[in-house]
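Asks: need coordinates for the following:
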Amino acid sequence: MQVLTAFVLAALAVSSHAAGTQQADRKPYALIFGTVFDPDGRVVYGVKVKIRRADEKKAHWETYSNHSGEFAQRLPPEKADYVVWADLKDYKLPSGKHLRGGTEVTVHIDDIAVRYEIGLHLIW
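Replies: Numbers count the residues shown, from 1 in each chain. Next comes the predicted model:
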């Protein structure tokens with residue numbers, strides 16, 4: 001019985017240490033969270049979303065919308081402006097209709113560990 005108790009206490013100590021290490025390993029970040037909509041207001045799956053700093057020309061981050069039309073991207077924890085847009089170059093709808101990217105969205109990050117929510121609205 002004493003051996004079992006010692007084993008359980010040791011396991012708890014290791015688990016507690018691992019959780020503390022995970023907390024220490026977390027780095028601060030800002031998060032852009034968005035949803036991609038078609039012109040009729042329905043969510044769109046599989047759209048490539050690109051993000052770049054406003055003062056740069058090329059995209060630095062790339063992600064895709066999921067089955068709920070949602071995407072998320074962690075960004076460095078610094079004050080900056082980011083431009084987000086849908087890249088539909090290789091995207092085809094099953095219906096055969098062609099979508100085009102709507103207006104780019106500019107996001108101003110001014111605080112870390114904050115979730116910035118946006119919508120990307122596509123056009124026909």
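
Asks: give me the secondary structure label for the most centrally placed residue in the chain.
Replies: Nearest to the mean C-alpha position of the chain, by C-alpha atoms, centre = their mean, lies Ala72 at 1.5 Å. The three-state label given to Ala72 by DSSP: H, G, I helix; E, B strand; the rest coil is strand.

Asks: could you do Glu78 as well?
Replies: The three-state label given to Glu78 by three-state DSSP is coil.

Asks: ranges for the helices of the protein?
Replies: Using DSSP state H, the helices of the chain run over 2-25.

Asks: the bottom helix or strand of it by mean pLDDT?
Replies: Every helix and strand of the chain was ranked by mean pLDDT, DSSP states H and E. The lowest is helix 2-25, at a mean of 54.

Asks: separation between His67 and Tyr45?
Replies: Remark: distance between His67 and Tyr45 (C-beta to C-beta, to the nearest Å) = 5 Å. Using the backbone N, CA and C atoms, a C-beta is placed for each residue, glycine as well.

Asks: more neighbours: the two, which one.
Replies: Tyr45 (12 against 8; other C-beta atoms under 10 Å).

Asks: report pLDDT for the more buried one.
Replies: On the pLDDT scale, Tyr45 is placed at 95.

Asks: quick one: contacts for it?
Replies: Ser65, Asn66, His67, Ser68, Gly69 (C-beta atoms under 8 Å, 6 or more residues apart in numbering).

Asks: which residue packs closest to the second one, ignoring adjacent ones?
Replies: By that I understand Asn66. Closest residue in space to Asn66, ignoring its immediate chain neighbours: Tyr45 at 6.7 Å, by C-beta to C-beta, 6 or more residues apart in numbering.
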